[in-house]
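Novice: Okay, predicted coordinates and the sequence, questions at the end:
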Amino acid sequence: DGGITQSPKYLFRKEGQNVTLSCEQNLNHDAMYWYRQDPGQGLRLIYYSQIVNDFQKGDIAEGYSVSREKKESFPLTVTSAQKNPTAFYLCASSSAGASYEQYFGPGTRLTVT
Amino acid sequence: GESVGLHLPTLSVQEGDNSIINCAYSNSASDYFIWYKQESGKGPQFIIDIRSNMDKRQGQRVTVLLNKTVKHLSLQIAATQPGDSAVYFCAETGYSTLTFGKGTMLLVSP
């Protein structure tokens, strides 16, 4: 069963704690992306990586960090510096140079109280 | 990005009708335009794309139209079914990323 997996589906944290969201793909894609979605809004790009050991900030990177040590994995850490962390987080991947054809995971809904 | 609150534009249709969902894009240099479908609580799913050198592309029950003069994109769904109920997003390519629109909710009643 190929695709992108995100875990867990629901995540609850107390304010002030860092939390790491998992994203794994077995599509052999070079590029991976993290988006944030708030109710009634479109997707906003947090970070993306076009190759292992390299990543770039998206439109709303403040308060987030990522790593890309393996091709298959692109974990996102939501730090305590993120002012409004409660959201639906989506991970995607694509072939190199094909950002127009991104495949999305099922998402993780993070709630911080 | 700017906040538009909790309410998405909504299109309500009857089963069997044709649906047209519209999108205005911002970057005249974008090379690809894509439509995604997102069901509640799930990740977006690719529907169809169109390259900037085309003005129409057809898939199974879906057609995308591109009007570069007015920077407008539309998605036509033929014979809409209850399973088509979802939020539909248009997206345009930047240098190596996608920029998504706000989305339109399609509600199909039987």
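Specialist: Cool, got the structure. These numbers come from a predicted model, not from an experiment.

Novice: With adjacent residues omitted, what lies nearest to residue B:39?
Specialist: Spatially, and ignoring its direct neighbours in sequence, residue B:39 is nearest to residue B:86 (4.8 Å; Cβ to Cβ, 6 or more residues apart in numbering or on different chains). C-beta: built from backbone N, CA, C; applies to glycine.

Novice: Would you state the strands of chain A in chain order?
Specialist: In chain A, the strands defined using DSSP state E lie at A:4-7, A:10-13, A:19-25, A:31-37, A:43-51, A:54-57, A:64-66, A:76-78, A:87-94, A:103-104, A:108-112.

Novice: List the contacts of the nearest residue to residue B:93 once chain neighbours are set aside.
Specialist: In space, and not counting its chain neighbours, residue B:93 is closest to residue B:32: 4.4 Å by Cβ to Cβ, 6+ apart. Residue B:32 is in contact with A:100, B:49, B:50, B:51, B:52, B:92, B:93, counting by Cβ atoms under 8 Å, 6 or more residues apart in numbering or on different chains.

Novice: wait, isn't the fourth one in contact with residue B:64?
Specialist: The one in question is residue B:51. No. Look at residue B:51 against residue B:64 with Cβ atoms under 8 Å: they stay out of range, at 10.5 Å.

Novice: Between the two ends of stretch A:105-113, what distance do you get?
Specialist: End-to-end distance of stretch A:105-113 (Cα to Cα, to the nearest Å): 25 Å.

Novice: Kindly reformat the contacts of residue B:32 as TSV containing secondary structure and distance to residue A:25.
Specialist: Listed next are the contacts of residue B:32 as TSV, based on DSSP: H, G, I helix; E, B strand; the rest coil; distance: Cβ to Cβ, whole Å:
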residue	secondary structure	distance to residue A:25
A:100	coil	17
B:49	strand	20
B:50	strand	26
B:51	strand	25
B:52	coil	28
B:92	strand	23
B:93	strand	20
